[in-house]
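1. take a look and give me a structure for this.
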Amino acid sequence: MARKSLRSLFPSYSFGRRGGPPESSPRPAPQQQRRRVSDEVIEKRVAAAEVLVARWDRDVGSAAVLFCDDHRAEARAFLAAVGDLQLGMLGFVSGGGAAAAASSSSHAALVRAQSVMQAAMRRLEKEFHRILADNRYCCRDLEAVSVRSSSRLSASEDGEDGSVGRVDDSSGQVKSPAAAAEAAAAMGDLRAIAETMVSAGYSKECVKVYKLLRKSVVDEELRRLKFDSLASNSQVRKLDWAALEIKIQSWLYAARAAFSTLFSGERILLEHVFAGCDSIRDAVFGEIANDAAVHFLRFPEAVAKSKPSMDKTARFLDLYDAVSELLPEVDSLFTFESTSAVREQALASRSKLGETIRATVADFEEALLKENSKFLFPGGGVHPFTRRAMEYIAVLADYETSLAEIFDESHTTAKPLSPSISEQRQAGSEVTRLLAPLMLALHCKLDAKAAAYRDAALSHLFLANNFQHVANRARACSLSAVLGEEWAARQEGKARQHAEGYERAAWGKVAAAVPAREVAPGEAREHMRAFGAGLEAACAAQEGWVVADARMREDVRAVVRGMILPAYRRFHERWRSTPEVASVARFSPEEVGLRIADLFTGSDDGPGPNSYSSYRIGHDSDSSQSDGSGSSRHSRSV
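-> Okay, the predicted model is just below:
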């Protein structure tokens, strides 16, 4: 520790040459006699402080510990002695004015007192460093510790004994009342030492030790949170999405801990140790946390600048939510002028994420409106277009609150959605007005795809499957809550209507082959022949057809059985003993039931294992297509 000059400590006074005679030696006046008595009192205080300080200065290089349970009373006495020493030094200077300060005896006393003060500061600096090092993780539970420490300080001021020790838990977490009390005692000692050093004019030395140790703790904790592995702006642009998504997950995990625990704990500890020193807290907190926090909050902005795509929307929204949740914490922690860059970076990252999300949704809308692939799903199952569109819309619905904020036109100058969508918006929430037109566009595209099927029954089945998927997916996410239960019920109603259309188109002729009235044997023979041929043709045509929803599948089978089986069973029973009619009966009622039970055994996985994952909305296929009528005909996945 560099020795501070007397002139730097007491700049308002000048001192004569050491040992030099005074400029004049007038006869002492009664007032001067009283001053000498006062000087003797001050010298006694300095001498008393010198004895205590000297004893601990001799042990400054040893393992001796002043601030511990064994020396608690002496630690308080040491701080009091430093205070007396400081008062004595000021008394020498101010008690007798410039003349007293210039006297040979006063000058020598000041030099002696300064030497004692230097020794005291060496000991306090060492103790400050040791307590900080031994309790480097104490701020992980600082809210409770801060309360305990404040109580302990009050008790110490009243002369009550306290206790101090180190937190030996390797995890650094305060796990018991006793450990919390030890951490609180350590904080109290840190505060007492800091106040003493700052008051004595040694704030620079105290702050240097504090910054060095606490900065190392912050860096270590950020490494533990994987912060050091987060990509920089340039690295983000080079990462593929799979690798970047892992980085995003790491950031989301680390963000809450970094701001709610680490930076918050540092702020609590700093405000406690340097209570009343606003300028010190401002500078120290900025140097400890500013760069790390800015770099931390710059990562979401770097991600937002990567190429937007529908696959990234959920992660963009996760980052937007995380930054939005951090904003109150950032505002409350980084309040100093020196940390304004942290607040600005948080706002910049959220703004850029919102801009990217708006652009991504606009891209989805454009792709949805332009989608014109020739791909027809074999068997009339759920189209990959429907699955991908609903997955994306479901993501938007699940982030209703965030989207309402992002698309609030009063807070953004972003380019509005296309006129075709905007013109259809009605009164309601921002998210409702965003999603409802997208769903309408999806319905229109499904109608267009259904019209491409050459078989009317398969066209109805396709729409039944896809509308049912829309309804199921809407109920599985927040979409039904956003657009309303009535809207979700309408989707199921449309699916049911198209299922009925399929039943009529696919099985109406087969059911009509069974006469509803009594007929002659010759006419019955023709009806029996027509029924067998119709059932065979219907089952052959529907081989591989799909009803994706299990409940709808059973409902449709039940309806088909009800349309055909009871009437055919009666007809078969009536004529099975007539050889002329029985000879052309190809199916017994039991066999008819089995054939119906075998309906809809086609796979809903599409023509290839990667058909869903490789499908991109808005990407057209080549000119070849299939009518999707059976499992033996394959379409090319887009």
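
2. okay, now Phe67: neighbour count?
-> 26 (other CB atoms under 10 Å). Heads up, the C-betas are built off the backbone N, CA and C, glycines and all.

3. surely it and Ile131 touch.
-> Yes. The criterion here is CB atoms under 8 Å, and Phe67 meets it with Ile131 at 6.3 Å.

4. what about the nearest residue to Asn135 once chain neighbours are set aside, which helix or strand?
-> Closest residue in space to Asn135, ignoring its immediate chain neighbours: Ala186 at 4.4 Å, by CB to CB, 6 or more residues apart in numbering. Secondary structure here is read from DSSP states H and E; on that basis Ala186 sits in helix 177-199.

5. now do the helices in the stretch 151-300 of the chain.
-> 177-199, 203-224, 233-238, 241-257, 264-273, 278-285, 291-304 (DSSP state H, counting those that start in this stretch).

6. could these be laid out in CSV, adding mean pLDDT, distance to Val470 and mean neighbour count?
-> Listed next are the helices of the stretch 151-300 of the chain as CSV, based on pLDDT from 0 to 100; distance: least, CB to CB, whole Å; neighbours: other CB atoms under 10 Å:
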stretch, mean pLDDT, distance to Val470, mean neighbour count
helix 177-199, 86, 55, 22
helix 203-224, 92, 45, 17
helix 233-238, 82, 36, 13
helix 241-257, 90, 27, 16
helix 264-273, 91, 45, 21
helix 278-285, 89, 53, 18
helix 291-304, 92, 30, 22
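
7. what about these, which gets the closest to Ala73?
-> helix 177-199 (13.6 Å; CB to CB).

8. distance check, Asp408 against Ser402.
-> Separation of Asp408 from Ser402 (CB to CB, to the nearest Å): 11 Å.

9. the two: which is more packed in?
-> The residue with more neighbours, out of Asp408 and Ser402, is Ser402; 20 against 11, by other CB under 10 Å.

10. helix or strand: which one has the more buried one?
-> helix 400-406.

11. now do the buried residues in that helix.
-> Glu400, Ser402, Leu403, Glu405, Ile406 (16 or more other CB atoms under 10 Å).

12. give me the helices and strands touching that helix, please.
-> In terms of contacts (3 or more CB pairs under 8 Å, 6 or more residues apart in numbering; DSSP states H and E), helix 400-406 is packed against helix 313-333, helix 340-370, helix 430-451.

13. let's see it at 10 Å
-> helix 313-333, helix 340-370, helix 384-398, helix 430-451, helix 479-483 (3 or more CB pairs under 10 Å, 6 or more residues apart in numbering; DSSP states H and E).

14. pLDDT score assigned to the residue nearest the centre of the chain?
-> Against the mean C-alpha coordinate of the chain, by CA atoms, centre = their mean, the closest residue is Ala322 at 3.6 Å. In this model, Ala322 is scored at 96, pLDDT.

15. so who does it touch?
-> Ala322 sits next to Ile248, Trp251, Leu252, Tyr253, Ala255, Arg256, Phe259, Pro300, Ser349, Arg350, Leu353 when contact means CB atoms under 10 Å, 6 or more residues apart in numbering.

16. what do you get if the cut-off is 7 Å, keeping everything else the same?
-> Leu252, Ala255 (CB atoms under 7 Å, 6 or more residues apart in numbering).

17. equivalent analysis for the one 4 residues further on, please.
-> Under the criterion of CB under 7 Å, 6+ apart, the contact list for Leu326 reads Ala255, Phe259, Ala346.

18. save the helices of the stretch 151-300 of the chain as TSV, and put in distance to Ala108 too.
-> Formatted as TSV, these follow (distance: least, CB to CB, whole Å):
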stretch	distance to Ala108
helix 177-199	24
helix 203-224	26
helix 233-238	63
helix 241-257	57
helix 264-273	36
helix 278-285	34
helix 291-304	48
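
19. to Arg475, which of the ones you listed lies closest?
-> helix 241-257 (27.7 Å).

20. picking up where we left off before, of the helices of the stretch 151-300 of the chain, which is nearest Ala49?
-> Nearest of the helices of the stretch 151-300 of the chain (CB to CB): helix 177-199, 12.4 Å.

21. just the CA atoms of the closest one, as PDB, please.
-> Output of helix 177-199 as PDB, limited to C-alpha atoms (Å, rounded to 0.1, in the frame of the first residue of the first chain):
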ATOM      1  CA  PRO A 177     -29.600 -20.800   9.600                       C
ATOM      2  CA  ALA A 178     -26.100 -21.100  11.100                       C
ATOM      3  CA  ALA A 179     -24.500 -20.800   7.700                       C
ATOM      4  CA  ALA A 180     -26.700 -17.900   6.900                       C
ATOM      5  CA  ALA A 181     -25.700 -16.200  10.200                       C
ATOM      6  CA  GLU A 182     -22.100 -16.700   9.300                       C
ATOM      7  CA  ALA A 183     -22.600 -15.100   5.900                       C
ATOM      8  CA  ALA A 184     -24.500 -12.200   7.500                       C
ATOM      9  CA  ALA A 185     -21.700 -11.700  10.000                       C
ATOM     10  CA  ALA A 186     -19.100 -11.600   7.200                       C
ATOM     11  CA  MET A 187     -21.200  -9.000   5.300                       C
ATOM     12  CA  GLY A 188     -21.400  -6.900   8.500                       C
ATOM     13  CA  ASP A 189     -17.600  -7.100   8.900                       C
ATOM     14  CA  LEU A 190     -17.100  -6.200   5.200                       C
ATOM     15  CA  ARG A 191     -19.300  -3.100   5.700                       C
ATOM     16  CA  ALA A 192     -17.600  -2.000   8.900                       C
ATOM     17  CA  ILE A 193     -14.100  -2.300   7.300                       C
ATOM     18  CA  ALA A 194     -15.200  -0.500   4.100                       C
ATOM     19  CA  GLU A 195     -16.700   2.300   6.000                       C
ATOM     20  CA  THR A 196     -13.600   2.700   8.100                       C
ATOM     21  CA  MET A 197     -11.200   2.600   5.100                       C
ATOM     22  CA  VAL A 198     -13.400   5.000   3.100                       C
ATOM     23  CA  SER A 199     -13.700   7.400   6.000                       C
END
